[in-house]
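**Q** Make a model of this:
(chains A and B)
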Amino acid sequence: MLNVFYFLSFLAVLSAIMVVVSKSPVHSVLYLIITFFTIAGHYVLLNAEFLFIVHIIVYAGAIMVLFLYVIMMLNLNTETEAHKSTMLKFAATICAGLLLVVLVGSLKGTEALPVNAVADEDLGSVQRLGKVMFDKFLLPFEISSVLLLAAMVGAVMLGKSEKANDIL
Amino acid sequence: MDFILYKLILVGVVFGVTLFVAAYSTYAERKVAAFLQDRIGPDRAGPFGILQPLADGLKFIYKEEIIPVVSNRFLFVLGPCIAMMTAMMAGVLIPWGNTLIYGDNVYSLQIADLNVGILYVFGVVSIGVYGIMIGGWASNNKFSLLGAIRASAQMISYEIAMGLSIIALVLVTGTLSLGEISAQQAGGVGGEWHFWNVVYQPLGFLIFIICAFAECNRTPFDLPECETELIGGYHTEYSSMKLGFYLFAEYINMFVSSAVISTLYFGGYNFPFMNDLGLDHNTISIIGTLVLITKVCFFIFFFMWIRWTIPRFRYDQLMNLGWKVLIPLSIFNIFVTGLVMLLKHGNFHW
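**A** Residues are numbered from 1 along each chain as shown, chains lettered A, B, ... in the order given. All right, here's what the predicted structure looks like:
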């Protein structure tokens, strides 16, 4: 089990680095898809089958297809890639580094968690998740769904062309 | 050890049967087309032309293989591989029959019964588009790229309606596992008697089968390879066996989606009066498997029947049907199903 974990982690980190390093945007997206698959693999190791399959459907199956779609549509490639100034690159690196420090800091306190927290095989099943979600966490669940709806309506509003606005 | 051996045999058999049925679908497609157009169809290779798939396969292998110089070589080869692999993946979850009892051991004819069953099938469908997209992009050809873009937009649009129609089905069955959904539809006049799910979900079935046509890129939804506009669509630049893989993946997809439709809505391996024949368990299971194969063959025929009957949609018609008709209909279906389930279980109070 631990070997599988190390293998998946290695793949995840490697493909994540390749996302940043590779020159062509299409290659970056393809590496990002591999990263999502390896992260989904981690969910299986944690007995969270539902989370695993939803992660694949939503991230690998829908969002990344849209990413790829847009990149192919705009026909971005190495030649047309915009080159930012050195100053901007430095700023981006420093920001990302600071984010890494914050993330590592927030994870530092989790060492005390018991190792066998996922001994229960049924922990990530659909039944258990549904009961927790619609019982204990009903309000946050509903609020986030309203948030998603608002975002969707906003996206449709922004996406509408000027011409359509004139007719209304 | 025994367990692993039996699973391996099962995987091998399912793999073989899938390839066999897909190969003979290509023959059946031509024969059905010929029948519907009042022709004879292939009849040269072997009696009634039954060796035609073999001849086609040999021809594909011996054709010259051309990889365009300007294309991305690795991704160009990866495209058909992904298409083939994702097409084969969903077969793992389908219950091909009831259990076989041999001595004290009970052998299930389903390779894996995950508790997220339907969602797994859905996940495989949603990553299936990568084969087409990567192949179409790597060809470095405008027509291929247009085909790939059409394929991805179409698949994303119809996935939503498909998922929503499955939600209504899950409301009725109360489980996501395909094994349990099959078992719930067991029929027999004497003892337990259950209708097939299509009786409870006629609208859901209609939406699901339309979306299945769209996800398999079959006519009237075959715009990604629309030959009147795009030459060959995403596989314009492909030749030899790589083209064969793309075409073959379509037939495998058809086989697997027919099996999923039969399992979800048409009782899977169950058939009427199965408990009243007085036969022993193993015989019933074997007949059940044959019945499932018959249902699958019917749906494959149905796919072909539609292909040679209905002309192709225009792209805006396709998008309108997906977003403005199927999605509202499936939401309505969920609403009605939910209401009926609530009233039926009698725990309805303000």
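**Q** Who are the contact partners of the residue in chain A that chain B sits nearest to?
**A** Going by C-beta to the nearest C-beta, chain B is nearest to A:Gly61 of chain A, at 2.8 Å. Where C-beta positions appear, they are placed from N, C-alpha and C, glycine not excepted. Residues in contact with A:Gly61 (C-beta atoms under 8 Å, 6 or more residues apart in numbering or on different chains) are B:123, B:125-127, B:159.
**Q** contacts with chain A among the residues you listed, please.
**A** Contacts with chain A within the contacts of A:Gly61, counted by C-beta under 8 Å from any C-beta of the partner chain: B:123, B:125-127, B:159.
**Q** Kindly indicate which of these lies nearest B:Cys226.
**A** Within those, distances to B:Cys226 taken as C-beta to C-beta reach their minimum at B:Glu159, with 20.3 Å.
**Q** I figured that closest one hits B:Glu215, correct?
**A** Yes: counting by C-beta atoms under 8 Å, B:Glu215 is a contact partner of B:Glu159 at 7.3 Å.
**Q** shared neighbours of these two, anything?
**A** Residues touching both B:Glu159 and B:Glu215 by C-beta under 8 Å, 6+ apart: B:Val125.
**Q** Can you give me the pLDDT of residue 136?
**A** All of this is about chain A. Looking at A:Lys136, its pLDDT is 86.
**Q** try again with chain B
**A** Looking at B:Gly136, its pLDDT is 84.
**Q** Show me what from chain A comes close to chain B.
**A** With C-beta under 8 Å from any C-beta as the criterion, chain A meets chain B at residues A:26, A:30, A:33, A:49-50, A:52-54, A:56-57, A:60-62, A:65-66, A:68-69, A:72-73, A:75, A:125-126.
**Q** how about a cut-off of 7 Å?
**A** Listed as neighbours of chain B in chain A under the rule C-beta under 7 Å from any C-beta of the partner chain: A:26, A:49-50, A:53, A:56-57, A:60-62, A:65-66, A:68-69, A:72-73, A:125-126.
**Q** Drop the exposed ones from those and show what's left.
**A** The neighbour count (16 or more other C-beta atoms under 10 Å in any protein chain shown) marks A:26, A:49-50, A:53, A:56-57, A:60-62, A:65, A:68-69, A:72, A:125-126 as buried among the residues of chain A next to chain B.
**Q** Check whether B:Gln110 sits in a helix, strand or coil.
**A** In three-state terms, and counting by DSSP: H, G, I helix; E, B strand; the rest coil, B:Gln110 is coil.
**Q** per-residue confidence at B:Gly267?
**A** 80.
**Q** Now name the helix or strand holding B:Asp54.
**A** Just to correct that, residue B:54 is Leu rather than Asp. B:Leu54 belongs to helix B:52-62 when assigned by DSSP states H and E.
**Q** Give me the helices and strands touching the next helix or strand after that helix, please.
**A** With elements assigned by DSSP H and E, the helix or strand that comes after helix B:52-62 is helix B:73-89. Contacts defined by 3 or more C-beta pairs under 7 Å, 6 or more residues apart in numbering or on different chains; DSSP states H and E place helix B:73-89 against helix B:117-127, helix B:129-138, helix B:240-265.
**Q** So what's the residue count around B:Ala168?
**A** Number of residues near B:Ala168 (other C-beta atoms under 10 Å in any protein chain shown) recorded here: 25.
**Q** by contact count, what packs against the helix or strand containing it?
**A** Element membership for B:Ala168, per DSSP H and E: helix B:142-173. Judged by 3+ C-beta pairs under 7 Å, 6+ apart, helix B:142-173 is in contact with helix A:64-74, helix B:117-127, helix B:129-138, helix B:197-200, helix B:202-215, helix B:227-230, helix B:327-344.
**Q** mean pLDDT lowest for which of those?
**A** helix B:227-230 (a mean of 75).
**Q** starting at the chain centroid, how far to that helix?
**A** In terms of C-alpha atoms, centre = their mean, to the nearest Å, the centre of helix B:227-230 is set 25 Å apart from its chain centre.
**Q** Check stretch B:256-269 too.
**A** When C-alpha coordinates are averaged (C-alpha atoms, centre = their mean), stretch B:256-269 and its chain have centres 9 Å apart.
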